[in-house]
Structure formats: structure tokens, C-alpha cells
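Enquirer: just to be clear, the model below is a prediction. Sequence and coordinates:
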Amino acid sequence: MTKIKFHYGDDVPLEMHKVRIVQKLNLLPIEERAKAMDEAGYNTFLLQNRDVFMDMLTDSGVNAMSDNQQAAMMNADDSYAGSATFTRLESKLEELFGTEYFLPTHQGRASENIISQAYVKKDTIIPMNYHFTTSKAHITLNGGKIEEIYIDEALHLTSDHPFKGNMDIDKLKNLIDKHGADKISYVRLEAGTNLIGGQPHSVENIREAKKVCDEHGLMLVYDASLLADNLHLIKQREAACADMSIREITREITDQCDIIYFSARKLGSARGGGISTKHKDVYMKLREYITLYEGFLTYGGMSVREMEALTVGLEETMDEDVISQGPNFIKHMTKQFQEKNVPVITPPGGLGCHLNAMDFVDHLSQEEYPAGALAAAIYIISGVRGMERGTMSEARQEDGTETLSHMELVRLAMPRRVFTLSQTTYAVDRIAWLYENRELIGGLEFEEEPDVLRFFFGRLKATSDWPEKLVAKFREDFGDSL
Ligand code: F0G
């Protein structure tokens with residue numbers, strides 16, 4: 001939290017930046033929004049951005065850049081090989097993470113493809129605190145099987161556990177005892193655990209995980225895409241780290257890792273990704289894949305301009321004012337939802353504010369995609385685009401039965417430094433109205449269902465005329481308001 005106290009009224013998160021470039025937004029009338037949602041097959045991924053008021057789909061590649069990031073982009077050295085831009089980025093990562101070697105990739109999942117191809121052995125297990133969609137897809141594609149060893153509190157939607165993203169260390173030990181270390185390709189730990197609501201892990205937890213890995217000769221692979229939020233939340237919540245600088249906490253974490261990979265669309269507020277390691281043998285093994293799938297070793301599919309922006313963005317990640325903005329807005333939004341009894345994930349984490357669709361629309365079964373239906377309804381009544389994170393984001397089993405998700409969430413992502421407090425207040429107001437009228441929300445069914453990552457392109461339809469009823473009720477309560 002910013003250290004600023006207000007004299008009158010409650011403290012609100014105070015922006016430690018000012019807006020210097022803006023983009024005009026459109027807010028369509030609700031009838032047009034309902035039409036746009038229908039045309040997009042009730043899948044918020046398929047909406048056109050011109051029809052969206054607040055784009056809270058993701059924090060990926062849409063964070064606001066700083067003036068210094070933009071300035072650095074003009075300085076890019078775009079030689080194919082031996083670019084000075086690459087050297088600057090590599091040196092920054094060595095300075096912050098203590099990793100001598102860096103391999104650039106075009107985005108996070110490209111790093112996952114390469115690590116999985118190189119290290120996932122067929123019929124082995126990859127234990128992790130929780131999966132991410134693309135991480136699981138690449139591991140499975142290479143014949144591995146993920147095993148989630150989260151702590152019990154991870155799936156408690158409302159909790160005051162500060163580190164719901166922690167790995168259960170006893171479960172890790174038991175898994176290794178049961179299967180043997182040779183049946184495990186590596187252990188994966190994800191910062192700011194995306195799919196359970198942007199929940200952090202602690203420094204103590206990664207230290208313990210590394211100790212177990214070392215005892216069994218296993219590599220610890222760290223997904224640092226959501227590291228910035230996790231760093232802020234560690235400083236807020238882990239007593240032993242309260243007096244440490246963000247830079248020091250970063251090193252405490254990265255010193256435990258054999259491989260660190262990330263999406264630079266999130267970490268560093270740019271675009272691209274990469275893999276960092278202190279081990280020469282790992283670097284030598286992975287670099288062949290970079291040249292095959294990504295590009296030459298000094299750009300790896302990234303634009304050199306984005307590399308310059310990333311170098312500056314990584315340095316800015318060490319600034320508490322910069323990395324606290326997202327989690328502080330999320331905390332504020334979560335509090336506003338709680339005051340209006342809207343079911344929301346607690347404690348607030350990073351990435352975004354997460355609504356609990358299982359409770360919000362508790363009259364819908366998981367086979368009717370409650371989180372997908374809620375995301376569609378939210379867009380219709382507000383122009384806010386969130387993302388389904390529930391059963392629709394899972395893949396069907398081989399026999400065609402649904403894989404019911406542990407949680408049915410609608411993520412309202414908070415791209416960093418993008419929205420103002422009045423915009424977030426608007427979103428809360430509309431969604432609180434929707435909660436009061438939640439019985440109007442009906443289910444969805446697939447019309448067109450892709451086999452792989454179906455949530456991206458799948459088209460659905462409403463199982464009744466509930467969207468029309470929702471529009472009518474909105475008009476009744478809001479008159480001719482947009
Ligand atoms: N790991 C995590 C934890 C992520 O959140 C993401 C992306 C990736 C890996 C893949 O990175 O998109 O650059 O290929 N998450 C985005 C999201 C897509 O919206 O949550 P990428």
C-alpha cells in the first residue's frame with residue numbers, strides 16, 4: 001500500500017504516476033453490446049476491442065509502458081547477430097536474477113515449449129503448485145503428466161491464508177518417495193499462481209522446495225511471469241522479508257531456481273519472453289531449440305524494441321511504487337465487492353480481481369459453464385470484458401466427458417497502470433447490480449468446440465432467451481443510460 005494516509009474518508013490506492021498518453025474508449029448501448037456478445041459466440045475472447053469499454057480480459061501485453069521504456073525503444077540495435085540490445089537485456093537479467101545465461105523467446109509459452117521438449121521425458125511426472133493452461137498443454141504434448149501439489153487452502157475461495165500459491169512440501173516428498181526421482185522430469189513452481197486467483201508463494205516455500213529438489217537431484221523450474229505481483233505480496237505478507245528491498249527478495253527467489261522462464265508480456269510490461277539460467281549445460285541444451293523455433297540467439301523472435309522496453313521494465317519492477325499499483329487496485333476492488341456481498345476470491349492476489357462464479361450463479365451446473373455465462377453477462381450489462389477461468393478453460397477427457405474445474409472464476413484482470421479508480425468503481429457498481437439480478441443469468445452450450453485450448457476460439461450459445469431478459473431488466477432499472 002502507498003504510505004499515504006487520507007485525512008477525510010478512507011484511504012484509496014494513490015497512483016504514483018501520471019497519464020501522458022490516452023486512448024479513447026467506446027461504451028456502446030446495452031442492446032448493441034448484447035448483439036456483439038451473441039455474434040462473438042458468448043466467448044469474450046471473440047469480441048472486437050472497439051466494442052469493449054474496459055478490457056479486463058488479461059494483463060498480458062497490455063500494461064501501460066513508462067516514458068523511460070518508450071524512450072529506450074528508440075535506442076534499439078537491430079543487428080541480426082551480436083545486438084547491443086540483447087547484451088543490455090542479458091546483463092540486466094544477470095544483475096537481477098544472478099543468471100549468467102539468457103535465451104530470448106517470442107513469449108512465455110514458447111519458453112514452455114522449449115523447456116518441455118528438452119526436459120519432459122515420456123511417462124514422467126512434473127509436480128507443480130498449480131498448472132497454467134499453456135504450461136500443462138506443452139508438458140502433456142511431450143508425454144509428461146502434471147501433478148498438482150498445492151496446499152489445502154489453495155482451493156478455499158475465501159481465506160486469509162497469505163500464501164495460497166505455496167507448494168505443499170510434504171506432498172512433494174511423498175510424490176518423490178512413491179514414484180522415485182527418476183520418474184520426475186523436474187519440479188515447476190509458478191509465481192503469482194494464475195488459475196487460483198493470482199495467489200503468491202512465499203520465499204520460505206521456494207527455499208524448502210529447492211532443498212527437496214537438491215536432495216533428489218531434481219531441477220527447480222520457475223515460472224516468473226507473475227513475479228512482480230508476487231514480490232510485492234511477499235514484502236507485504238512475509239514477516240522475514242518486510243525489511244528487505246524488492247531487489248533482495250528477487251535474489252532470494254532466483255537463487256533457488258535452476259531455470260527461470262517468463263512471459264515478458266506480464267513481467268517487465270513489454271512483449272516477448274525468455275529463459276534464464278546459471279547453468280551452462282542447461283543453456284547449451286536449450287539454445288539449439290531457440291535457433292530452431294524462435295530465431296537467432298540474440299533476438300529469439302522478439303523485436304529488439306521490445307527487448308529494450310523489457311530491460312527498463314525489469315529494472316522498474318524493482319521499484320515498490322511500480323509493482324504495488326496492480327495489487328493495490330485489486331485489493332481495493334475486492335474490498336468494494338465484499339462490501340456489496342459479491343462473491344470474490346480472498347485474500348486479493350495479483351493479476352486481477354476474481355469473482356467466484358460458482359456462488360454468483362449457484363443455480364447453474366458446471367456443465368452449463370457458469371463462469372463463461374457470468375463473463376458474458378458482465379459484458380452485456382457493463383461493456384467490461386473479463387475472462388472465464390473454469391470448466392470452459394479445461395479440456396474434455398478422452399471419452400468426451402467434461403473435466404470439471406476446481407473453481408469457476410471470472411477474472412477481471414487489472415493491466416498495470418491502465419485503469420483509473422473511477423473506472424474500477426463503475427465496474428463494481430454494474431457487477432453489484434448484476435449480482436442482485438443474478439437469477440436472470442442462464443447457461444451456455446457449445447456450438448463449435450475446438451479440440452485444443454477450446455476457450456480461445458470456441459463458440460457457444462445461450463441455453464434460453466436469458467440475454468434478452470437481462471437487457472430488459474437493465475433498461476427498467478437504468479433508463480436510457482449506456
Ligand atoms: N505462465 C503464466 C503463469 C501465464 O500467466 C502465462 C500467460 C504464460 C505462462 C504464457 O505466457 O502468454 O506470453 O505465452 N498468461 C496469459 C493470461 C495468457 O492472460 O493469463 P504467454
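Expert: It's in.
Enquirer: contacts only, for whichever residue of the stretch 1-150 of the chain sits closest to the ligand.
Expert: Minimum separation of the stretch 1-150 of the chain from the ligand (Cβ to the nearest ligand atom) falls at residue 108, amounting to 2.3 Å. For every residue, glycine as well, the C-beta is placed using N, CA and C. For residue 108, the residues meeting the contact criterion (Cβ atoms under 8 Å, 6 or more residues apart in numbering) are 134, 223, 225, 261-266, 273.
Enquirer: nearest spatial neighbour of it, chain-adjacent residues omitted?
Expert: Leaving aside its sequence neighbours, residue 108 sits nearest to residue 263 (Cβ to Cβ, 6 or more residues apart in numbering; 2.8 Å).
Enquirer: coming back round to it: list just the nearest of the contacts of residue 108 to the ligand.
Expert: The shortest gap between the ligand and any of these belongs to residue 263, at 3.0 Å (Cβ to the nearest ligand atom).
Enquirer: please tell me I have it right and the closest one contacts residue 106.
Expert: No. With contacts defined as Cβ atoms under 8 Å, residue 263 does not count as touching residue 106, sitting 10.2 Å away.
Enquirer: any stretches of the stretch 301-450 of the chain with poor pLDDT?
Expert: Applying pLDDT under 70 to the stretch 301-450 of the chain picks out no residues at all.
Enquirer: which parts of it are helices?
Expert: Using DSSP state H, counting those that start in this stretch, the helices found in the stretch 301-450 of the chain span residues 304-316, 320-339, 357-360, 370-382, 421-436.
Enquirer: can I get these in CSV with mean neighbour count and distance to residue 455?
Expert: CSV is the format used below for the helices of the stretch 301-450 of the chain (neighbours: other Cβ atoms under 10 Å; distance: least, Cβ to Cβ, whole Å):
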stretch, mean neighbour count, distance to residue 455
helix 304-316, 24, 26
helix 320-339, 21, 22
helix 357-360, 22, 14
helix 370-382, 28, 8
helix 421-436, 18, 21
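Enquirer: of all those helices, which one is nearest the ligand?
Expert: Of all these, it is helix 304-316 that lies closest to the ligand, at 11.8 Å by Cβ to the nearest ligand atom.
Enquirer: run the chain-centre distance for the closest one.
Expert: Remark: helix 304-316 is offset 20 Å from the chain centroid, using Cα atoms, centre = their mean, to the nearest Å.
Enquirer: between that helix and helix 320-339, how many degrees?
Expert: Helix 304-316 runs at 80 degrees relative to helix 320-339, counting by axes from the mean of the first three to the mean of the last three Cα atoms, to 10 degrees.
Enquirer: residues in contact with helix 304-316?
Expert: 65-66, 68-70, 72-73, 75-78, 83, 85-86, 88-89, 92-93, 96, 104, 264, 267-272, 299, 302, 322.
Enquirer: same thing with stretch 77-93?
Expert: Under the criterion Cβ under 8 Å, 6+ apart, residues 75-76, 99, 101-102, 104, 274, 276, 296-299, 304, 307-308, 310-311, 314-315 lie in contact with stretch 77-93.
Enquirer: show the end-to-end separation of that stretch, please.
Expert: Stretch 77-93 has an end-to-end distance of 18 Å (Cα to Cα, to the nearest Å).
Enquirer: show me what counts as buried in that stretch.
Expert: Taking 16 or more other Cβ atoms under 10 Å as the basis for neighbour counts, the residues of stretch 77-93 that come out buried are 83, 85-86, 88-90, 92-93.
Enquirer: report the buried members of the contacts of residue 108.
Expert: A residue is treated as buried here by neighbour count (16+ other Cβ under 10 Å); on that basis the buried members of those are 134, 223, 225, 261-266, 273.
Enquirer: which bits of the stretch 51-200 of the chain sit near the ligand?
Expert: 58, 60, 107-109, 132, 134-135, 190, 194 (Cβ under 6 Å from any ligand atom).
Enquirer: just the buried members of those residues?
Expert: The neighbour-count test (16+ other Cβ under 10 Å) applied to those identifies 58, 60, 107-109, 132, 134-135, 190, 194 as buried.
Enquirer: alright, calling it a day.
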